[in-house]
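> Sharing a model that was predicted from the sequence below.
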Amino acid sequence: MTRYLKSTAAALTACFALTAPAHAQVEGDVVQLDVLDGGRTANGTYLGALRLTLKDGWKTYWRAPGDAGIPPQFDWNRSQNVGDVAITWPAPHVFVQNGLQSLGYADQLVLPVEITPSDPAKPVRLRGEMDLGVCKDVCIPETLDFDHTLDADAGRNPAIAAALAQRPYSAKEAQVTAASCHLTPTSDGMRIEARVTMPSAGGREVAVIEPGNPTLWASEPETTRQGGTLVATSEVISASGGPFALDRSDIRITVLGANHAVDIQGCSAG
């Protein structure tokens, strides 16, 4: 756990210590955002996407960015006639730099969003902002505003369709037959040993464990394979430093392999 805290602190220090001068050194916008239309679905929701286009060599991060990343945040509060927003994250790439692992996207990210209108008879205006980190040799924070009235009559959008096709497989699709989490208290928090019985996702498999509570942090898991079972071990701590409980049904395990990714939601006692 000490190694994890030190590496995370080093990453954040390197990232944010350079934020002010880095911003002055970058000519123009590092990343641009636009909203794509995908029309209405058969069940009455709107399909759209936030498209991020980055300058050459820059990358941004997945929802669980790893030790060296900055998690994105969204504010939809200024939107109109939006009852619910569901995001589908394409499987991220694994980046390793200076011994630190991060998860994210280079060049471009198309992030599909499915919007349920509060009133199906009225138009939907998607308005808000996205806070994110972008990194190259240094990392800088960006805040991107968006304001777009969705087109209910728009046709199928190939970019959105391609991004949806890049989502991780479900546990059923990936032939996961068992997923258990053994929890052990530690001096800092809780140790998780996740055991997932599934065929290989291809090549070097990287597991990510999300505790399901935004006040909890999980260290980068140590991932090994024992025959047909993938074993991932991580330590979870609370931002407050106090005691906490873990609900196994909220734990989310993502396995990133060379052939595909797998999204496993919830695990049994193990």
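Noted; the coordinates are in hand. Numbering: from 1, shown residues only.
> can you list the weak-confidence ranges in the stretch 51-200 of the chain?
For the stretch 51-200 of the chain, no stretch is flagged by pLDDT under 70.
> how about the helices in it?
158-165 (DSSP state H, counting those that start in this stretch).
> How about residue 247: what's its closest non-neighbour residue?
The shortest distance from residue 247 to any non-neighbouring residue, by Cβ to Cβ, 6 or more residues apart in numbering, is to residue 212 (6.6 Å). In this view, the C-beta of every residue, glycine as well, is placed from N, C-alpha and C.
> ah, wrong one, I meant residue 123
That would be residue 149: by Cβ to Cβ, 6+ apart, it lies 5.6 Å from residue 123.
> coming back round to it: ok, the residue nearest to residue 247 to residue 86 distance?
Applying Cβ to Cβ, to the nearest Å, the value for residue 212 to residue 86 is 17 Å.
> neighbour count winner among the two?
residue 212 (16 against 10; other Cβ atoms under 10 Å).
> Checking my notes, that one in a helix, right?
No - under DSSP: H, G, I helix; E, B strand; the rest coil, residue 212 sits outside any helix and is assigned coil.
> How about the contacts made by it?
When contacts are counted by Cβ atoms under 8 Å, 6 or more residues apart in numbering, residue 212 touches 247, 250, 251, 252.
> Please tabulate those in JSON lines, including the columns secondary structure, neighbour count and pLDDT.
Putting these into JSON lines (DSSP: H, G, I helix; E, B strand; the rest coil; neighbours: other Cβ atoms under 10 Å; pLDDT from 0 to 100) gives the following:
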{"residue": "247", "secondary structure": "coil", "neighbour count": "10", "pLDDT": "95"}
{"residue": "250", "secondary structure": "helix", "neighbour count": "14", "pLDDT": "97"}
{"residue": "251", "secondary structure": "coil", "neighbour count": "24", "pLDDT": "98"}
{"residue": "252", "secondary structure": "strand", "neighbour count": "17", "pLDDT": "98"}
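> ok, those vs residue 267, which is closest?
Distance to residue 267, by Cβ to Cβ, is smallest for residue 251 among the contacts of residue 212, at 5.5 Å.
> can you give me phi and psi for that closest one?
phi -70, psi 130 (degrees, to the nearest 10).
> surely it meets residue 181?
Yes - the criterion here is Cβ atoms under 8 Å, and residue 251 meets it with residue 181 at 5.7 Å.
> Need the overlap of contacts for those two.
192, 194, 267.
> who are the neighbours in contact with the closest residue to residue 106 other than its chain neighbours?
Leaving aside its chain neighbours, residue 106 sits nearest to residue 59 (4.4 Å; criterion: Cβ to Cβ, 6+ apart). Taking Cβ under 8 Å, 6+ apart, we find residue 59 in contact with 95, 104, 105, 106, 107, 134, 135, 136.
> Filter those residues down to just the ones in strands.
95, 104, 105, 106, 134, 135 (DSSP state E).
> Output the contacts of residue 59 as JSON lines; include the columns distance to residue 229 and neighbour count.
Output for the contacts of residue 59, formatted as JSON lines (distance: Cβ to Cβ, whole Å; neighbours: other Cβ atoms under 10 Å):
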{"residue": "95", "distance to residue 229": "27", "neighbour count": "19"}
{"residue": "104", "distance to residue 229": "28", "neighbour count": "25"}
{"residue": "105", "distance to residue 229": "30", "neighbour count": "21"}
{"residue": "106", "distance to residue 229": "32", "neighbour count": "15"}
{"residue": "107", "distance to residue 229": "35", "neighbour count": "13"}
{"residue": "134", "distance to residue 229": "37", "neighbour count": "23"}
{"residue": "135", "distance to residue 229": "34", "neighbour count": "26"}
{"residue": "136", "distance to residue 229": "38", "neighbour count": "16"}
